[in-house]
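Undergrad: Coordinates only, no sequence provided:
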Ligand code: NAD
């Protein structure tokens, strides 16, 4: 386990202002004398547990999630170990505040609640000197989460305000898998914004210009990737919340060149597939028995469809047969072969079929066993859609994955109500447990944070040179294996979020195993893979400086 601070600990105020080493009122008498802290802190010494209790009491007194988000950010800014203790020990409560749904609101209000920068902002005006700028980062980055802010959750273009997402995602790397916060670097590429509300907002933090497109955009991305690898060799680069017209292209361009992945496409796919595996256990069916109808045909939809197909191919099914089990509905209706100008990622799922204009008609025409909502349009799984699924299936699979909550296709309550409690339900944003006809239902979130932190930890531990779809398939299988019969019995298709540390460590092992098997690991193979993974895990309990 890794802790911070043993080497070259600064003294006095500098130590109190070093968030990676600060312990606040928990510095001991001996440390206060040894490190020049005497008089700089109130006399009573608190334990980290007491500090955590005090912070939580304060947090719970704040009425508004945005205020809670700000309180958590400022704790993060002054005392990282305490911040991560708070997050790790209270994942269920805190994750919705540092990630979806609150982070969506935080991005929209970013300029208005801005207190201190975190991570790095690189703009289109920085062309030609990105390596020089990255050298301003004081630490050695091992993992970068980068966004251009164009498609933040289901909220569209948030420009430079999108920084909330890389910051939040990297917090989850540490909270859920124990990735060392010192190696995490959030980056926002400010390419401009087409969000006129932001451009007119005096507090907006980004450039006052419309988005750059075409070669200038690609050149900036390319310079950033090259510079990041020059300044931080071996860094993992995770693309996050890029609009789909760039996300797929960039993934294709870089996936075989560097250690990179796109969580919106591949991480989403993995967590959704794990949920599907759980649903199959309840139904007693195989993947090949299912027919999936997606509402939405973007990064999430085609990413999930691609991984479902990869899983079927791994089971020996022909790829063309496997693709026939996935159908997409986008804003123009059912994706069918006769439609012209389809984006490349939709083509494998453009099957022979008459044109169908809307989701309900597609549902009636195709009679799927599973519907997966990823169009970021709220309320689209109407009672009629749900009744139809319940008429077609004894146990309909209903995943309402769009975020934030306002964009969810239906709530958990609606899913159970519309299917007489028979839906195998998962959501993108959290829903509370509920009683349905006398049975306690505990719907769980198909949260990407079950997957990407473990994938990142595994890649770091073995020095992965690439991150592949096979690793995401292994991650999905590992996650699904953690779901107990008791979970399934209460409608939970995922394990409790509180188990994420354990789940992530297992996923890290599975990912590293694939890396070694495929010759994609830079480090020599250890005897004990779990021990290797654990040696990279950060421990948020305070170290002793005495
Ligand atoms: P995207 O922009 O790539 O895709 C959105 C798709 O929805 C596009 O194909 C678009 O044509 C389609 N669409 C838009 N309006 C529609 C309509 N009225 N009817 C049918 N289709 C319509 O976005 P994405 O990355 O695929 O994300 C979509 C949603 O899924 C977001 O809300 C995102 O937050 C959510 N998501 C959830 C998870 C999760 O739960 N783990 C993970 C990733 C994304």
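TA: Yep, that arrived. Everything numeric here is computed off the predicted structure, so don't read it as measured data. Residues are numbered from 1 along each chain as shown.
Undergrad: From now on I want contacts and neighbour counts done on CA atoms only, so please keep to that.
TA: Noted.
Undergrad: and this structure, which residues reach the ligand?
TA: Counting by C-alpha under 6 Å from any ligand atom, the chain comes close to the ligand at 153-154, 244, 264, 268, 295-301, 329-331, 374-376, 401-403, 427-428, 446-448.
Undergrad: Give me the packing partners of the lengthiest strand in the chain, helices and strands only.
TA: Looking across the chain with DSSP state E, the single longest strand is strand 184-190. Strand 184-190 sits against strand 120-123, strand 143-147, helix 164-172, with contacts defined as 3 or more C-alpha pairs under 8 Å, 6 or more residues apart in numbering; DSSP states H and E.
Undergrad: Now the longest one: average pLDDT?
TA: In other words, helix 164-172. Average pLDDT, helix 164-172: 95.
Undergrad: Next: the second one.
TA: For strand 143-147, the mean pLDDT works out to 98.
Undergrad: Check what contacts that strand and list those residues.
TA: Here strand 143-147 makes contact (C-alpha atoms under 8 Å, 6 or more residues apart in numbering) with 162-163, 165-167, 169-170, 183-189, 235-242, 456.
Undergrad: Indicate each strand paired with the longest strand of the chain and its parallel or antiparallel sense.
TA: Neighbouring strands of strand 184-190 in its sheet, by DSSP bridges, are strand 120-123 (parallel), strand 143-147 (parallel).
Undergrad: closest one to residue 135 among those strands?
TA: With C-alpha to C-alpha as the criterion, residue 135 lies closest to strand 120-123 of those, at 10.7 Å.
Undergrad: average model confidence for the helix or strand that the closest one is followed by?
TA: Next along the chain after strand 120-123, taking DSSP states H and E as the criterion, comes helix 130-134. Throughout helix 130-134, pLDDT has a mean value of 98.
Undergrad: Over to stretch 259-277?
TA: Average pLDDT, stretch 259-277: 97.
Undergrad: Could you work out the end-to-end span of it for me?
TA: Stretch 259-277 has an end-to-end distance of 27 Å (C-alpha to C-alpha, to the nearest Å).
Undergrad: now stretch 390-400
TA: Length of stretch 390-400, first residue to last, C-alpha to C-alpha: 15 Å.
Undergrad: That one: which residues count as buried?
TA: 390, 393, 395-400 (16 or more other C-alpha atoms under 10 Å).
Undergrad: Equivalent analysis for stretch 524-544, please.
TA: Neighbour-count burial for stretch 524-544 flags 529-530, 532-534, 536-542 (criterion: 16+ other C-alpha under 10 Å).
Undergrad: Verify the contact between residue 163 and residue 185 for me.
TA: No - Residue 163 is beyond contact range of residue 185, at 11.3 Å (criterion: C-alpha atoms under 8 Å).
Undergrad: between these two, which one's more packed in?
TA: Taking neighbours as other C-alpha atoms under 10 Å, residue 163 and residue 185 compare with residue 163 leading, 30 against 23.
Undergrad: what bridges to the nearest residue to that one once chain neighbours are set aside?
TA: Ranked by C-alpha to C-alpha, 6 or more residues apart in numbering and with sequence neighbours excluded, the top spatial neighbour of residue 163 is residue 188, at 5.6 Å. Bridge pairing for residue 188 (DSSP bridges) gives the partners residue 121, residue 147.
Undergrad: that older thread, of the strands paired with strand 184-190, which stretch is the most buried?
TA: Stretch with highest mean neighbour count among the strands paired with strand 184-190: strand 143-147 (a mean of 26; mean count of other C-alpha atoms under 10 Å).
Undergrad: quick check: angle from it to helix 164-172?
TA: Here strand 143-147 runs at an angle of 160 degrees relative to helix 164-172 (axes from the mean of the first three to the mean of the last three C-alpha atoms, to 10 degrees).
Undergrad: how far away is residue 320 from residue 300?
TA: Where residue 300 is concerned, residue 320 sits at a distance of 21 Å (C-alpha to C-alpha).
Undergrad: Comparing those two, which shows the higher neighbour count?
TA: For residue 320 versus residue 300, the count of surrounding residues by other C-alpha under 10 Å is larger for residue 300: 26 against 12.
Undergrad: Let's test this: mean pLDDT of the helix or strand hosting the more buried one, rounded?
TA: In the assignment (DSSP H and E), residue 300 maps to helix 299-314. For helix 299-314, mean pLDDT is 97.
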